[in-house]
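*Asks:* can you look at this prediction? I've put the sequence above it.
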Amino acid sequence: MHFSIGGIEVAVIVDEDDFGLPLSAFLPELDVATLEPDRHWLDPEFVRLDRDLLRCAIQSFVLRLDGRTVVVDTCIGEHKDRPQIPAWHRRSGTGWLDRLRAAGVTPESVDLVFCTHLHIDHVGWNTVGSDGKWTPTFPNARYLMGERELADWQARMSDGTAEAIQLPGLLDSVLPLLDAGRVDLVHDGMEIAAGAAVLPLPGHTSGQVGLRLDRPDGRAVFCGDTIHSPVQILQPAVSTASCRNPAQAARTRIALLEEAAANGRVIIPAHFRGGRRVTVERQGNAFRSLFPD
């Protein structure tokens, strides 16, 4: 799948296109009854209300910036121990690398890997197994990680407060890159290319960042898990059960939506199905989603 942001072509490399989560448990403050007027477009693409199910994609985005190939987030990966999520445990034969190559991108051709945050469904293809150890999937790339994001996880690993579900991803998909000297830390506002800057998006994790494009050929934001589902555009104060700081996540999400509505910015969340991106308009005190045809 491809789409364009102005003159920028974006390839969507899907790792899992229909990962289901219990809607009421994952978004515990969601007022499901108020979704009924929007059911005609939400259900079944994004939710199955009759099954209390949230439907998510897990995917990477590949784009060219100033002649460099950039991969935003790297999904789940293969052959990795994920016992707490059986569908991801030691998975194989997913075809993610084949789909990447079919989009005209080889691992060797990738210049930058932009990690919005370090949850296991965003870092899995950072590394692959080789001779009994985890090595960079993209041998010529620099891996960009938010300095606050990495520092927070390192501190929590040290003091034993990191969530057990996230530890395997840190051990096999983040630390090997640090050991190999392949990580560059990025800070708020830093440009990784002309008109492509690091945007702080805290709340889901302490140091989550996005990639904001303000270029003559496109205005967009790759926003990671700031928004998991279109239902959070309808109810932006609702954060997920997996958010480190739900109140901060809501403030970040509302600010992102307000800025996007004011400036016509395309929002590209990590987990949207359908067209994979959205623009928004103000509708009184709320927002309305505008999906591409």
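*Replies:* Cool, got the structure.
*Asks:* for stretch 216-233, buried residues please.
*Replies:* By neighbour count with 16 or more other CB atoms under 10 Å, stretch 216-233 contains the buried residues 218-233. In this view, the C-beta of every residue, glycine as well, is placed from N, C-alpha and C.
*Asks:* now, which of those lie within helices?
*Replies:* Val231, Gln232, Ile233 (DSSP state H).
*Asks:* the first one touches Phe46, doesn't it?
*Replies:* Yes: using CB atoms under 8 Å, Val231 is in contact with Phe46, at 7.1 Å.
*Asks:* who touches both of those two?
*Replies:* Leu54 (CB atoms under 8 Å, 6 or more residues apart in numbering).
*Asks:* so Pro200 is in contact with Asp188, correct?
*Replies:* Yes: using CB under 8 Å, Pro200 is in contact with Asp188, at 4.5 Å.
*Asks:* between those two, which contacts overlap?
*Replies:* The contact lists of Pro200 and Asp188 share Val209, where a contact means CB under 8 Å, 6+ apart.
*Asks:* need the helices for the stretch 101-250 of the chain, in chain order.
*Replies:* Counting by DSSP state H, counting those that start in this stretch, the stretch 101-250 of the chain has helices at residues 120-123, 147-159, 167-173, 175-179, 231-234, 246-263.
*Asks:* can you say which of those is packed in most?
*Replies:* Among the helices of the stretch 101-250 of the chain, the stretch with the highest mean neighbour count (mean count of other CB atoms under 10 Å) is helix 120-123, at a mean of 25.
*Asks:* can you give me how far that one is from the chain middle?
*Replies:* Distance of helix 120-123 from the chain centroid (CA atoms, centre = their mean, to the nearest Å) equals 8 Å.
*Asks:* which elements pack onto it?
*Replies:* With contacts taken as 3 or more CB pairs under 8 Å, 6 or more residues apart in numbering; DSSP states H and E, helix 120-123 sits against helix 167-173.
*Asks:* packing partners for the helix it packs on?
*Replies:* For helix 167-173, the contact count by 3+ CB pairs under 8 Å, 6+ apart identifies helix 120-123, helix 147-159 as packing neighbours.
*Asks:* how about stretch 56-73: buried residues?
*Replies:* For stretch 56-73, a neighbour-count test (16+ other CB under 10 Å) marks 56-63, 65, 68-73 as buried.
*Asks:* likewise stretch 103-112?
*Replies:* Neighbour-count burial for stretch 103-112 flags Ala103, Val105, Pro107, Val110, Asp111, Leu112 (criterion: 16+ other CB under 10 Å).
*Asks:* since that was my last question, I'll sign off now.
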